[in-house]
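Peer 1: Provided below are the primary sequence and the corresponding predicted coordinates.
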Amino acid sequence: MPDAPEAHASDFRLYNTRTRQVEPLAPAEQTAAGEGKPVPHLRFYACGPTVYTFAHIGNFRSFLTADLIQRTARALGWQVTYVSNVTDVGHLSEDDLTDPAGEDKMAQALEEEGRRFANVYDLARFYTEALVEDWRRLNLREPTVRPRATEHMAGQIKAVEKLVERGHAYETEQGVYFSVESFPGYGALSGNEEAQSLQASGRDTVTDPEKRDPRDFALWKKDPDHLMQWHSPWGWGFPGWHIECSVMGRAYLGETFDLHTGGEDLIFPHHECEVAQNESLRDNTGDESGGPSIRHWAHTRFLQVEGEKMSKSKGNFFTVRDLALPRDEGGEGIDPLALRLTLISGQYRKPFNFTRKTLRDSAQTVRRYREVRERAEKALEEDAGGDDDRAGTQLDAIYDRTLAAMCDDLNTPAALAAAYEGIKLLRGIEEEMNGATARSAMDWLEKTNALLGIVGYDTGETDRAAKKEPGAVDDAFAQQVEALLAERADARERGDYERADAIRDRLEDEMDVEVMDNPDGTDWRRKLSV
RNA sequence: GGUGGCGUGGCCGAGUGGUUAGGCAGAGGCCUGCAAAGCCUUGUACGGUGGUUCGAAUCCGCCCGCCACCUCCA
């Protein structure tokens, strides 16, 4: 690995929802890495999904923000501990009331898919596995830890007990609630500081009559009939939604940590409640840790699809697999890395309009990255000589600008624009790459890929997905194409262009192959499938 | 009603006081049997209005429009 930290003095700046400004992301901890030189150690928590269905592209926009934060930190030479949870407990669809039907999202999903799953646990397991598959398909790196809410039940119960002991929570006939009044800072993160606005919001459905304040939220729900239930000091029941993230974050990252990320909808109530819980659970309130338990908050804005809110009823609702699964497995066969590129082509903090057009552009861009890599690989395989490395210094400068853009509040559009200059530079080289250029190109591609993840997969485990890439074809198909091209070459030599064009039409229209005649032969490739 | 954000050329999207963002599409050219691919060149912009300033897309006011959250949708 190159010693990145010295090469780039730039701070990693990120908008902080808590302070409402862009500020340096400053890891509190320095860790001795390798040769003993201490490096910043970023420790953060990214809210993951509830696994009651397949994750959609909007979910992944949010997960990609965490992925890019991690990649940028690593590119700066930082150490990273990155926790991303899986919520595999179904929480009530209405927090304050016991749903008359006693149902939550997981239970509803089970009802709809009862034939496929024996119980909610099977359903959760299935969708957790699907999540991880999609995660890899889009080339997101695995988090350091991926905890599940059900694995932290004892911790959640203990946390609720502690909150009760400390006077931050109280029990009613129906459950245990956090007392918002007991935590003066409530509302600071989201700006929802007025109790009135909550009451005025018109959501005043059936609430627990014993609740002391409309803002109070559930920590534990008593419900011996719930599909998922655990034994607690308050009888059988299940935990409130917000407590799981507090408990898992504290379990793996401690009482204070650097950063917490999630979708914009989580700012309130989820993260607001998490702050209330974390601060109330904290023991080290002294100065040694100083400041809030979670210093930096980053939230990803929702994406829209073709200018509209993504929703099932509008027919513009896409899961990763709808788009990126190969055609023979029920998807659209879109290159997963093109989908990834599309999802990061807007800055995380601005509304992003996901369109087919952008997807098509991205597919082309990803293919160009690949073609450049293939050219460089070929030059290296052929042991190309030459030490004229003019491209190298330019590529270094390009990479520096790419990283600098990422450090500027994850300005992915600017970063991608900078990186694309490298592609233009390398594509502009007309003759075969010399050895030095090819090596520089490979180095640059590797670094750029480590940062943005759009060139190829990091690990071997996703090779299966890679084989389904557009352009990757099986031998039988290739032989068929080559045979037709040979026939066409004959026809062209005879001057029978009618015949030659008929063959080309067949290749293009029926076999989705692009035919490209060069001075020294004919190349072909699969058309993009977007 | 409260809170946060946005409005840039045909489209997507950078830029936050004076200097080209970039991509895609479009136009012209090179190459080609014709195409495709590729390469070169290239036009169009800052929601409206008032103000600050030598100068504003960029700062401030007002207006219009759009989006999100306000109890579980990332």
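Peer 2: Nice, I can see it.

Peer 1: Near the spatially closest residue to A:Y252 that is not a sequence neighbour, how many residues? Count them for me, please.
Peer 2: Excluding its sequence neighbours, the residue lying closest to A:Y252 (C-beta to C-beta, 6 or more residues apart in numbering) is A:V83, at 4.7 Å. Heads up, the C-betas are built off the backbone N, CA and C, glycines and all. Around A:V83 there are 23 other residues, counting by other C-beta atoms under 10 Å.

Peer 1: again, but for A:G456
Peer 2: Residue crowding around A:G456 was assessed by other C-beta under 10 Å; the count is 17.

Peer 1: cool, and A:A415?
Peer 2: A:A415 has 25 neighbours, counted by other C-beta under 10 Å.

Peer 1: Skipping adjacent residues, who's closest to it in space?
Peer 2: Nearest one to A:A415, counting by C-beta to C-beta, 6+ apart, is A:A405 at 3.8 Å.

Peer 1: Over to A:V180?
Peer 2: For A:V180, ignoring the flanking residues on the chain, the nearest one in space by C-beta to C-beta, 6+ apart is A:R215 at 4.1 Å.

Peer 1: Against A:Q479, how distant is that neighbour?
Peer 2: 69 Å (C-beta to C-beta, to the nearest Å).

Peer 1: For the single nearest residue of the stretch 201-350 of chain A relative to RNA strand B, grab phi and psi.
Peer 2: Proximity of the stretch 201-350 of chain A to RNA strand B (C-beta to the nearest atom of the strand) peaks at A:G263, 1.4 Å away. When read as degrees, to the nearest 10, the backbone of A:G263 gives phi -80, psi 160.

Peer 1: In contact with it, which residues are there?
Peer 2: Residues in contact with A:G263 (C-beta atoms under 8 Å, 6 or more residues apart in numbering) are A:C47, A:G58, A:N59, A:S62, A:H299, A:T300, A:F302.

Peer 1: elements contacting the top strand by length along chain A?
Peer 2: Under DSSP state E, the strand in chain A containing the largest number of residues is strand A:37-46. Counting by 3 or more C-beta pairs under 8 Å, 6 or more residues apart in numbering; DSSP states H and E, the packing neighbours recorded for strand A:37-46 are strand A:29-33, helix A:57-75, strand A:79-84, helix A:241-253, strand A:257-263.

Peer 1: Provide the contact partners of that strand at residue level.
Peer 2: Residues outside strand A:37-46 that contact it (C-beta under 8 Å, 6+ apart): A:5, A:25-33, A:63, A:65-66, A:69-70, A:73, A:76-85, A:143, A:245, A:248-249, A:252-254, A:257-262, A:294.

Peer 1: Please apply the same query to stretch A:123-139.
Peer 2: Contacts for stretch A:123-139 (C-beta under 8 Å, 6+ apart): A:48-49, A:51-55, A:60, A:63-64, A:86, A:88, A:106, A:109-110, A:113, A:116-117, A:142, A:146, A:148, A:150, A:319-321, A:324, A:336-337, A:339-340, A:343, A:453-454, A:457-458, A:461-462, A:465.

Peer 1: Quick check: which ranges of chain A have low pLDDT?
Peer 2: A:1-10, A:33-34, A:91-103, A:114-115, A:194-207, A:285-290, A:459-473 (pLDDT under 70).

Peer 1: State the three-state secondary structure for A:P224.
Peer 2: Secondary structure, DSSP: H, G, I helix; E, B strand; the rest coil: A:P224 is coil.

Peer 1: So what does it have for phi and psi?
Peer 2: On the backbone of A:P224 - angles per degrees, to the nearest 10 - the values are phi -70, psi -10.

Peer 1: and the residue nearest to it when sequence neighbours are not counted, how many residues sit next to it?
Peer 2: Distance criterion C-beta to C-beta, 6+ apart; nearest residue to A:P224, sequence neighbours excluded, is A:W236 at 4.2 Å. A:W236: 13 surrounding residues under other C-beta under 10 Å.
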